[in-house]
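S.K.: mind looking at a prediction? Sequence and model below.
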Amino acid sequence: MRLSLHRRHAAPEGPGLHGPVRVDPRTKNLTKRLRPGDIAVIDHLDIDRVSAEALVGCGPIAVLNAAKSTSGRYPNLGPDILLAAGIALVDDLGPDVLGLLEGSSVRVVDGAVYAGETLVAEGTVQDEASVATAMDEARAGLSVQLESFAANTMDYLRRERDLLLDGVGVPDISTVIDGRQVLIVVRGYHYKEDLTALRHYVKEVRPVLIGVDGGADAIIEMGWTPHLIVGDMDSVSDKALSCGAEIVVHAYRDGRAPGVERVEKLGVEHIVFPATGTSEDVAMLLADDKGAELIVAVGTHATLVEFLDKGRSGMASTFLTRLRVGTKLIDAKGVSRLYRQRISSWQLAWLVVAGLLALGVALASTAAGQTMFGLFAAWFDDVWSSLRALFGGGA
């Protein structure tokens with residue numbers, strides 16, 4: 001039973017959790033201003049892995065969710081990640097909790113949220129046991145999700161058949177991709193570790209770097225500069241948009257592109273790509289259509305649970321896009337495991353020379369070595385004198 005925001009109710013004595021709240025229904029937006037020690041207030045049905053890892057990276061002491069962190073649709077990984085990081089999770093608090101003032105101090109006691117002496121909302125405290133039970137129940141209902149996935153896939157194929165099969169609607173770009181390898185970066189699962197593992201690959205191969213929204217900032221953080229930025233421009237920084245990369249704004253199929261207004265305010269030239277799928281899918285289709293030799297993906301969605309994390313509306317496009325570019329597509333982890341930095345002939349030659357010099361210095365520091373060098377010098381002098389006499393006519 002939920003109580004009104006205006007009902008007075010003294011908070012019980014006890015430890016509880018105290019801290020300033022940061023409120024935003026969209027988890028992606030909240031993480032931009034969330035700081036260690038804050039209490040995050042979100043409205044996120046089925047917290048996915050990417051969102052949970054982003055929250056963990058900000059270091060809040062608690063996450064208050066107006067919705068259910070696990071609805072039972074599928075076994076989402078977010079709640080378990082939050083609990084494993086020691087972050088308290090209170091679920092199903094209802095819309096009242098979203099009315100808390102940004103930065104105000106609250107107290108959380110046994111699933112009840114207090115602002116001063118006012119009981120704002122009550123929810124369910126999640127722990128390892130409750131999350132495990134929810135996961136078991138969600139796994140049992142996966143068949144329903146798979147049926148929805150199949151139906152949505154056919155619907156997407158009907159709507160985007162020309163784009164998927166023939167590349168109809170892919171815009172022209174100035175970045176040259178034909179015959180080159182492409183690295184597409186999405187700020188998704190373990191993207192930092194994957195990018196670090198690909199340092200040598202990027203240095204040697206010099207692929208075309210495509211950042212998908214915030215993935216452009218991830219590229220810049222590595223000290224590189226993206227060639228292309230693709231997305232709806234909702235999570236990429238102004239710095240990235242102004243770095244000189246070519247900008248491709250992902251628009252809805254009807255032509256609406258909310259991201260256009262932002263890039264126009266920055267005075268950045270851009271191209272619009274209308275498509276039904278996600279920005280991640282658009283980047284892959286663009287690279288494939290423009291003749292990429294190989295597409296290396298960082299932080300993208302690859303497994304069934306990851307598809308489900310995106311929701312049914314986004315699963316089909318990603319699945320079919322991967323089928324479309326499958327012969328060229330490889331996950332970053334595969335590249336980092338298979339790729340080995342090549343050593344050039346010049347590097348090998350310099351290594352041999354350095355080794356011989358070190359050996360010579362070591363020998364010269366010993367009595368035996370000095371004797372050997374003396375004998376070698378005498379032999380070389382005799383040989384040189386003989387050559388001079390032979391070719392100099394005895395002069």
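M.R.: Thanks, I have the structure now.

S.K.: neighbours of Val176, how many?
M.R.: 11 (other Cβ atoms under 10 Å). C-beta coordinates here come from the backbone N, C-alpha and C atoms, glycine included.

S.K.: okay, and it sits in which element?
M.R.: For Val176, there is no host helix or strand (DSSP states H and E).

S.K.: and it, what does it touch?
M.R.: Val208 (Cβ atoms under 8 Å, 6 or more residues apart in numbering).

S.K.: look at it and report its pLDDT.
M.R.: For Val176, the model assigns a pLDDT of 96.

S.K.: roughly how far does it sit from Gly167?
M.R.: Distance, Val176 to Gly167, by Cβ to Cβ, to the nearest Å: 17 Å.

S.K.: pLDDT weak spots in the stretch 101-250 of the chain?
M.R.: Applying pLDDT under 70 to the stretch 101-250 of the chain picks out residues 141-143, 145-146, 149.

S.K.: quote the end-to-end distance of stretch 265-278.
M.R.: 24 Å (Cα to Cα, to the nearest Å).

S.K.: how about stretch 168-188?
M.R.: 28 Å.

S.K.: gap between His190 and Lys333?
M.R.: 8 Å.

S.K.: ignore the last one, His44
M.R.: In this view, His44 and Lys333 are 27 Å apart by Cβ to Cβ.

S.K.: comparing the two, which residue is more hemmed in?
M.R.: Neighbour count, other Cβ under 10 Å: between His44 and Lys333, His44 has more, with 23 against 16.

S.K.: could you report the neighbour count for the residue nearest to that one when sequence neighbours are not counted?
M.R.: Leaving aside its sequence neighbours, His44 sits nearest to Thr27 (Cβ to Cβ, 6 or more residues apart in numbering; 5.0 Å). By the criterion of other Cβ under 10 Å, Thr27 has 22 neighbours.

S.K.: so Thr27 is in contact with Asp46, correct?
M.R.: No. Using Cβ atoms under 8 Å, Thr27 is not in contact with Asp46, being 11.2 Å away.

S.K.: thought Ala54 was touching Thr27?
M.R.: Yes. Using Cβ under 8 Å, Ala54 is in contact with Thr27, at 7.0 Å.

S.K.: anything in contact with each of those two?
M.R.: Overlap of the contact sets of Ala54 and Thr27 (by Cβ under 8 Å, 6+ apart) is empty.

S.K.: ranges for the helices of the stretch 251-395 of the chain?
M.R.: Using DSSP state H, counting those that start in this stretch, the helices of the stretch 251-395 of the chain run over 258-265, 279-289, 304-309, 312-324, 332-338, 345-364, 367-391.
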